[in-house]
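Participant: A structural model of the following input is requested.
(2 chains)
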Amino acid sequence: MTTPEGSPARGAGATVEFHGAREGEATLTWGQRLIWRAVHLMGDSQSFLNCPWVLPVYGRRDLATVLDTLRVLIERHETLRTTFHGTPDGPVQRVRRDGRLTVDLVEAGEERALRVAERISGELSTTAFVHDRELPLRCAAVLKAGRPMALALTFSHLAVDFQALSLLSEEWKVLLRGEEPPPADWHPMDQAALEREESFQARSARSIRYWRAVLEEAPLDVFDHPPGAPEDPRFIEVGMESVALAAAAETLAERWTISTTSVLLGACATVLATVSGRTKAVMQLVHSNRRDPRTRTMIGNVGQDGLFVLDPPSEGFADACREAHRAAFTAYRNAHYDPFAMQAMREDIGRRRGREPDLDAFFNDRRTIGTWPGVPRPAAGEIAGESLADLTAKTRTYVTNAWPGVRFKAFFTVGAATDTGQLSLIADTAYLPLETARAMLLGVEALLVRALDEDVPLAAVPRVCGVGPYAGTV
Amino acid sequence: MTAGQYRQALADLVAEVSEGAIGAEEALAGERSLSALGLTSVARVRLVDAIEDTFGVEVGLGGDWASLESVDALAALVSRAAEPGDRTTAGA
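Facilitator: All right, here's what the predicted structure looks like:
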């Protein structure tokens, strides 16, 4: 194999052979059912759902040790040995006890190993999983002069969510140190059994009642204007990195005694409502849903979406954010349901209203902590909007990751960086041109910075944010 | 269960659902609202789930948010709902 000098070189693969403790078959968990449906809705675009991840090799370890640690992870967690099958009685998960995973070996060459690993995990993610034949993870070991530096992985979203990946990373560190992590004694097959119990079924029914009440009234579309000519590519993600956003959100959260998530959600929903020319915003909240203590540490996919409605109680932005905090609680509380039963209800709504509301606006906070420890704080007192002017000048936006065929109209994501506020917006350019999407992100920042100095009247939001109702033409 | 036992059990649940971010003593002191102590929306959902599972009551939604903001208010809500012969839905 020849490669340009200094670029990563792929060599022969290694094989990890695993022998787990249990095998079996069960119905899908609620979290798996949600992704199962998404996988089939998205078809060829389902690779968007894949979860790229890097496990750095801490300390000096040889390849055999690293691969053996990977074996232990696969043996401990049934989800990593699971395939997913459609059957006449509905989809099922099948846990294998034994099997093999092929691991590509890639020499990083002159490049930084972690950068190579990130790139390879992205490359591994571009192909959809064959869920009924393939293990739900793919892996390459990135080497530097023969020494393993990182594992580049991608996972099927049927098998993990981002919380599970964070837990795997922690466990990976513990195992590499040669220590024993706590036993992994709760798996998706156990979760599926729990979700069939009466108390869980009652919560599911209650959540579906809440969703029904919202869907009976919600606008049928995120935007009233008809789709325009999309840009190429049609779906884009605009990102923003803003220290000012983080500093303002922290200060406002403290002032209003709500979480930074609620501040950001309130601001994103307010800007979305403004652009859509409405007073209310309806969004789905991506929710980790690890509520039950047994589920908290499970490696699996537990995520379900919540349905959030922001109906501001007054004319001020501060009240809108406080209301967002309450509405987020209601959304999370009713994010515990059987997605198949939910779908049946939504189809019923569709029959009554002519079609289902599209609900294609989302908000996801990917952070695992509610603050930004790397963002500088004032020595004393509250930060003022004026003092953030220098910081907002440093804010940068960029366009990234455009996928064909995802169906979100507006999807806000708070990124996990701890030294700056990362906010991105995936937009369907048939409804939101790139420049409008960019203006919305900068508008969220402007709104929060202004809110430090005054309670922004909602009527003033278009002026403060520099973005007003968008009717389909620029 | 006495009122004091309800309060202690609820304060322990607050500490548990917040994964230690809020201490049971802080929650019991009641000087600041649970939001001010840092109870997130997700932790509050865990708290309500835990209350339902522990006390066998159903906490209703919609209504007075303040009932979910202190251990004392929660204790009143749970003890009302748990009284024999009373309704089993705690309106929050």
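Participant: drop to CA atoms for contacts and neighbour counts, all remaining ones
Facilitator: Will do.
Participant: ok, now which ones touch A:F18?
Facilitator: For A:F18, the contacting residues are A:71-72, A:74-75, A:97-100, taking C-alpha atoms under 8 Å, 6 or more residues apart in numbering or on different chains as the criterion.
Participant: just the buried subset of those residues, please.
Facilitator: Buried members of these, counted by 16 or more other C-alpha atoms under 10 Å in any protein chain shown: A:71-72, A:74-75, A:97.
Participant: ok, these vs A:A246, which is closest?
Facilitator: Using C-alpha to C-alpha, the shortest approach to A:A246 within the buried ones among the contacts of A:F18 belongs to A:I74, at 37.3 Å.
Participant: burial of the residue nearest to A:T79 when sequence neighbours are not counted, as a residue count?
Facilitator: When the adjacent residues along the chain are set aside, A:T79 lies closest to A:A159, with 5.4 Å between them (C-alpha to C-alpha, 6 or more residues apart in numbering or on different chains). Burial of A:A159, expressed as a neighbour count using other C-alpha atoms under 10 Å in any protein chain shown, amounts to 28.
Participant: could you do the one 4 residues further on as well?
Facilitator: Counted with other C-alpha under 10 Å, the neighbours of A:Q163 add up to 23.
Participant: ok, what's across the strand from A:L105?
Facilitator: With DSSP bridges as the criterion, A:L105 is bridged to A:A141.
Participant: any idea how far the residue positioned nearest the centre of chain B lies from B:L34?
Facilitator: In chain B, the C-alpha nearest the mean C-alpha coordinate belongs to B:L74, at 4.0 Å (C-alpha atoms, centre = their mean). When distance is defined by C-alpha to C-alpha, to the nearest Å, B:L74 is 11 Å away from B:L34.
Participant: shared neighbours of those two, anything?
Facilitator: Common neighbours of B:L74 and B:L34, using C-alpha under 8 Å, 6+ apart, are B:L68.
Participant: chain center to stretch B:72-79: distance?
Facilitator: Mean C-alpha position of stretch B:72-79 versus that of the full chain (C-alpha atoms, centre = their mean, to the nearest Å) differs by 7 Å.
Participant: give the pairing partners of the helix or strand in which A:N364 is found; include direction for each.
Facilitator: A:N364 is located in strand A:361-365, with elements delineated by DSSP states H and E. Strand A:361-365 pairs in its sheet with strand A:281-287 (parallel), strand A:410-414 (parallel), by DSSP bridges.
Participant: beyond it, next helix or strand please.
Facilitator: Past strand A:361-365, further along toward the C-terminus, the next helix or strand under DSSP H and E is helix A:389-394.
Participant: elements contacting that next one?
Facilitator: Where contact means 3 or more C-alpha pairs under 8 Å, 6 or more residues apart in numbering or on different chains; DSSP states H and E, helix A:389-394 is packed against strand A:235-242, helix A:243-256.
Participant: just the mean pLDDT for it, thanks.
Facilitator: What helix A:389-394 shows for mean pLDDT is 87.
Participant: run through who's touching that helix.
Facilitator: In this structure, residues lying in contact with helix A:389-394 by C-alpha under 8 Å, 6+ apart are A:242-244.
Participant: any chance of the strands paired with strand A:361-365 in TSV, plus mean neighbour count and mean pLDDT?
Facilitator: Written out in TSV, the entries for the strands paired with strand A:361-365 read as follows (neighbours: other C-alpha atoms under 10 Å in any protein chain shown; pLDDT from 0 to 100):
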stretch	mean neighbour count	mean pLDDT
strand A:281-287	22	92
strand A:410-414	23	96
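Participant: please tabulate those in JSON lines, including the columns distance to A:A14.
Facilitator: Listed next are these as JSON lines, based on distance: least, C-alpha to C-alpha, whole Å:
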{"stretch": "strand A:281-287", "distance to A:A14": "37"}
{"stretch": "strand A:410-414", "distance to A:A14": "36"}
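Participant: select, out of those strands, the one closest to A:E23.
Facilitator: strand A:281-287 (29.0 Å).
Participant: what's downstream of the helix or strand bottoming out on mean pLDDT in chain A, the next helix or strand?
Facilitator: Of all the helices and strands that make up chain A, the one with the lowest confidence by mean pLDDT, DSSP states H and E is strand A:9-10; it has a mean of 67. Proceeding N to C from strand A:9-10, the next assigned helix or strand is strand A:14-19, under DSSP H and E.
Participant: show residues contacting the very next helix or strand once past that next one.
Facilitator: Past strand A:14-19, heading to the C-terminal end, the next element that is a helix or strand (DSSP H and E) is strand A:24-27. Under the contact criterion C-alpha under 8 Å, 6+ apart, strand A:24-27 has outside partners A:90-96, A:189, A:192.
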